[in-house]
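# structure, please.
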Amino acid sequence: MGPEALVLDVGSGDKPSWRADVLLDRYPDDAFAGQRSGTGRTRVVRPLFDAEAADMPFADKVFDYVICSHVLEHVTDPVAVVGELTRVAKAGYIEVPEASAAKIIDFPSHLWWCRLDASTQPPTLVMTAKESAGFDPEIDAYLRRSGLAEPVKRLIDSRHQHNIVALHWTGTQPVRVEGELDPAFVEATVNAEAHHRTGEAVVARALTSVLTAGKRPGPRSIRFDDIVQPELRRGDGALLEPRIYRMR
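From the prediction side, this is the model:
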């Protein structure tokens, strides 16, 4: 991906990708802080579109690359979101928590157990509907009452490459859903307790800033009408600004 590539970050939250030119987040307001694992406050450092990931306002293939990291496990229709990712971009990256690690310690707002079916070509992302916040309520209660939940989570996170599904795709990305979500469970996840790690988020931002120094592209002059769908174009030639664009 060259420096001229136009990059979208879907579900950017409080940790937008340093490389993204445009952001999209359906929950930019503080009321939905429980959906985020960092500071809880959305960062509006580039143009951010407040819109559904399953119904993006962007034109077909307008982006060279799209990043969707730790978003699909939160949405009710991951098939529709992946369909939109592959519609608005030519290639991209998807990252989700891998089921076996998530079943030990999981984030309370996740709706799906995520796996990769490598028997297909390209490999298929498999999303299995969760029935409760924890895989085993007794084990989950023990970890929390014993104070082991956080140490175990830190241990799992220290082997990051083994607790995620990381997909680089071009053109298309197969995805399959197993089971159905319980509407009551979905409602509970929206109001789930936030597990913010503000200190870790601040350190991660500082480290990213150091590692990407000299690599970050400068501000891009992107016209609103050049990236949105035809019916949303305004015809005024306005350039995008680092603010929230409400599309609902």
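# so how far is stretch 161-180 off the chain centroid?
In terms of Cα atoms, centre = their mean, to the nearest Å, the centre of stretch 161-180 is found 13 Å from the chain centre.
# all helices for this structure, in order.
Ranges of helices within the chain are 78-88, 99-102, 137-145, 149-157, 183-190, 198-211, 224-227, based on DSSP state H.
# pLDDT of the second one, averaged?
Right, the one you point to is helix 99-102. For helix 99-102, mean pLDDT is 95.
# which secondary structure elements does it sit against?
On a contact count with 3 or more Cβ pairs under 8 Å, 6 or more residues apart in numbering; DSSP states H and E, helix 99-102 meets strand 112-117. In this view, the C-beta of every residue, glycine as well, is placed from N, C-alpha and C.
# against residue 54, how distant is residue 19?
Here residue 19 is placed at a distance of 24 Å from residue 54 (Cβ to Cβ, to the nearest Å).
# okay, now the unreliable bits of this protein?
29-41, 192-218, 248 (pLDDT under 70).
# now with 80, please.
1, 28-42, 190-219, 248 (pLDDT under 80).
# tell me, what residue is most central in it?
By Cα atoms, centre = their mean, the chain has its centre lying nearest to residue 71, at 2.9 Å.
# quick one, what contacts that residue?
Shown in contact with residue 71 (Cβ atoms under 8 Å, 6 or more residues apart in numbering): 10, 11, 53, 81.
# just the buried residues from those, in PyMOL please.
To isolate the buried members of the contacts of residue 71 in PyMOL, using 16 or more other Cβ atoms under 10 Å:
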select buried, resi 10+11+53+81
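# closest to residue 108 among the contacts of residue 71?
Using Cβ to Cβ, residue 11 comes nearest to residue 108 of the contacts of residue 71, at 17.0 Å.
# got the phi and psi for the nearest residue to that closest one once chain neighbours are set aside?
Excluding its sequence neighbours, the residue lying closest to residue 11 (Cβ to Cβ, 6 or more residues apart in numbering) is residue 71, at 3.3 Å. When read as degrees, to the nearest 10, the backbone of residue 71 gives phi -120, psi -50.
# and the spatially closest residue to residue 242 that is not a sequence neighbour, how far is that from residue 65?
In this structure, residue 242 finds its nearest non-sequential neighbour in residue 46, 5.4 Å apart by Cβ to Cβ, 6+ apart. Going from residue 46 to residue 65 by Cβ to Cβ gives 15 Å.
# swap in residue 169?
10 Å.
# what is the end-to-end distance of stretch 85-94?
Taking Cα to Cα, to the nearest Å, the first and last residues of stretch 85-94 lie 9 Å apart.
# just the residues contacting it, thanks.
With Cβ under 8 Å, 6+ apart, stretch 85-94 has contacts from 8, 10, 53, 56, 58-69, 72, 82, 125, 165-173.
# now a PyMOL select for only the buried ones of these.
Under the burial definition 16+ other Cβ under 10 Å, those of the contacts of stretch 85-94 that qualify are selected in PyMOL by:
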select buried, resi 8+10+53+56+58+59+62+63+64+65+66+67+68+69+72+82+125+165+167+169+173
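# give me the number of residues near residue 49?
For residue 49, the neighbour count with other Cβ atoms under 10 Å is 24.
# my bad, should have said residue 28
21.
# which residue packs closest to it, ignoring adjacent ones?
In space, and not counting its chain neighbours, residue 28 is closest to residue 42: 4.2 Å by Cβ to Cβ, 6+ apart.
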